[in-house]
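Q: Model the structure of this input:
(2 chains)
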Number of protein chains: 2
Amino acid sequence: MASENDDEQGAGEEESAASFLTERQIKVLQMRQAGMSQQQIADLMGTTRSNVSILERRAHQNIARAERTLLQWTMLRAPISIKTKAGTDVFDLPRAIFAAADELGIRLPVTSLDIVVQLKRRAPRLFKRRALEREVLISVTEVGEVMVDGQFAD
Amino acid sequence: MASENDDEQGAGEEESAASFLTERQIKVLQMRQAGMSQQQIADLMGTTRSNVSILERRAHQNIARAERTLLQWTMLRAPISIKTKAGTDVFDLPRAIFAAADELGIRLPVTSLDIVVQLKRRAPRLFKRRALEREVLISVTEVGEVMVDGQFAD
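A: Numbers count the residues shown, from 1 in each chain, chains lettered A, B, ... in the order given. Okay, here's the model as predicted:
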């Protein structure tokens, strides 16, 4: 599972890639991680508490965007992708996934229950009782890892 | 380093996080994943091959930046961080890491060999024979996962 990065990075640039975090954002995250208050950090950096607060919020926004970016990239490469309508019963999804896997000659090493559990864990608020609240894209890797993206299928 | 514009980030905060990939970039990645050539994609999208090439390159740059962003975030939260000088012998690193862990009362569930193997795998070109080529930051989680960032320590 963790092996997919190797080629990308090995073949990549000489330098390590740029980050979506600025140096100031990283500094703030480090000091927050060390247990400092925003005011203490502001005093150390010679700026205002509200500025530290903005740096911290932007850093977390950028981290969330980075997470979504990599989720999309992983889903793009997953062999099985199913666009599901709002109202679909969660217990109908494993059958659809296994059917898609069969068509590709993939034998998924997971059970229906595994799939339902992963769906609930990945997208806890996506279901109202057993029904999907809205249209989503569900992707499944060869090793049966299930991913869900709500905006993807738009 | 890169100071990014936050202009687009405000929109849709309630929704699941925005991505660093645009819809057109995602489309290109999907079609490339499906085995299409850049020219075929250009014809379908009504644009030029060179434009598709740019979209694809930007997408991969954004994915690489997202990966580095999450690496930094994971390293920030790791309890053990060691800044190491260029020239350090790779076989001296496990001892330094275990010493740092001891100070924190952490008993790492890995051996010295595990650590060296992880270092070599994570940063294959970082070592010249046994010596570190340049200063790096090495972080280790409670479960003994080793991460390396070359620009971080700069």
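Q: which stretches of chain A have low pLDDT?
A: By pLDDT under 70, the low-scoring segments of chain A are A:1-17, A:151-154.
Q: List the residues that contact the nearest residue to A:Arg107 once chain neighbours are set aside.
A: Nearest non-adjacent residue to A:Arg107, counting by CB to CB, 6 or more residues apart in numbering or on different chains: A:Ala101, 7.1 Å away. Yep, even glycine has a C-beta here, placed from its N, CA and C like the rest. A:Ala101 is in contact with A:79-80, A:107-108, A:140, counting by CB atoms under 8 Å, 6 or more residues apart in numbering or on different chains.
Q: is it possible to export those residues to TSV including distance to B:Met147?
A: Listed next are these as TSV, based on distance: CB to CB, whole Å:
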residue	distance to B:Met147
A:Pro79	29
A:Ile80	30
A:Arg107	34
A:Leu108	31
A:Val140	28
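Q: Of those residues - the most surrounded one?
A: Greatest neighbour count in the contacts of A:Ala101, by other CB atoms under 10 Å in any protein chain shown, goes to A:Val140: 26 neighbours.
Q: Need phi/psi at that one.
A: phi -130, psi 130 (degrees, to the nearest 10).
Q: Contact partners for it?
A: Contact analysis of A:Val140 by CB under 8 Å, 6+ apart lists A:78-82, A:97, A:100-101, A:108, A:115, A:146-147.
Q: do you know how far the nearest residue to it once chain neighbours are set aside is from chain B?
A: Nearest in space to A:Val140, with sequence neighbours left out and distances taken as CB to CB, 6+ apart, is A:Ile80 at 4.1 Å. A:Ile80 sits 13 Å away from chain B, going by CB to the nearest CB, to the nearest Å.
Q: Please tell me I have it right and A:Ile80 contacts A:Gly144.
A: No. Applying CB atoms under 8 Å as the test, A:Ile80 and A:Gly144 come out as separate, 9.6 Å apart.
Q: Common neighbours of these two, please.
A: Applying CB under 8 Å, 6+ apart, one finds that no residue jointly contacts A:Ile80 and A:Gly144.
Q: do the lengthiest helix in chain A and chain B meet?
A: Identified as the longest helix of chain A according to DSSP state H is helix A:49-77. Yes. Against chain B, helix A:49-77 shows contacts by CB under 8 Å from any CB of the partner chain at A:58, A:61-70, A:72-73, A:76-77.
Q: Return the backbone torsion pair for A:Ala99.
A: phi -60, psi -40.
Q: re the thing from before, direction included, what does the very next helix or strand once past the longest helix of chain A pair up with?
A: On the C-terminal side of helix A:49-77, the nearest following helix or strand under DSSP states H and E is strand A:80-84. Neighbouring strands of strand A:80-84 in its sheet, by DSSP bridges, are strand A:136-140 (antiparallel).
Q: still on that earlier bit, now the longest helix of chain A: how far from the chain's centre is it?
A: Centroid separation for helix A:49-77 versus its chain: 11 Å, with CA atoms, centre = their mean, to the nearest Å.
Q: now it and helix B:49-77, what's the angle there?
A: 120 degrees (axes from the mean of the first three to the mean of the last three CA atoms, to 10 degrees).
Q: by contact count, what packs against helix A:49-77?
A: Helix A:49-77 is packed against helix A:23-33, helix A:38-45, strand A:136-140, strand A:146-149, helix B:23-33, helix B:49-77, with contacts defined by 3 or more CB pairs under 8 Å, 6 or more residues apart in numbering or on different chains; DSSP states H and E.
Q: nearest to A:Thr88, of the ones you listed?
A: In terms of CB to CB, the element of the helices and strands packed on helix A:49-77 nearest to A:Thr88 is strand A:136-140, at 9.0 Å.
Q: Now the closest one - C-alpha only, PDB.
A: C-alpha atoms of strand A:136-140 as PDB (Å, rounded to 0.1, in the frame of the first residue of the first chain):
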ATOM      1  CA  VAL A 136     -20.800  10.100  -3.900                       C
ATOM      2  CA  LEU A 137     -17.900   8.400  -5.600                       C
ATOM      3  CA  ILE A 138     -16.700   5.200  -4.000                       C
ATOM      4  CA  SER A 139     -13.300   3.800  -5.000                       C
ATOM      5  CA  VAL A 140     -11.800   0.400  -4.100                       C
END
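Q: mind checking how far that strand is from the chain centre?
A: The answer for strand A:136-140 is 12 Å, by CA atoms, centre = their mean.
Q: now do stretch A:85-94
A: With CA atoms, centre = their mean as the basis, stretch A:85-94 stands 21 Å off its chain's centre.
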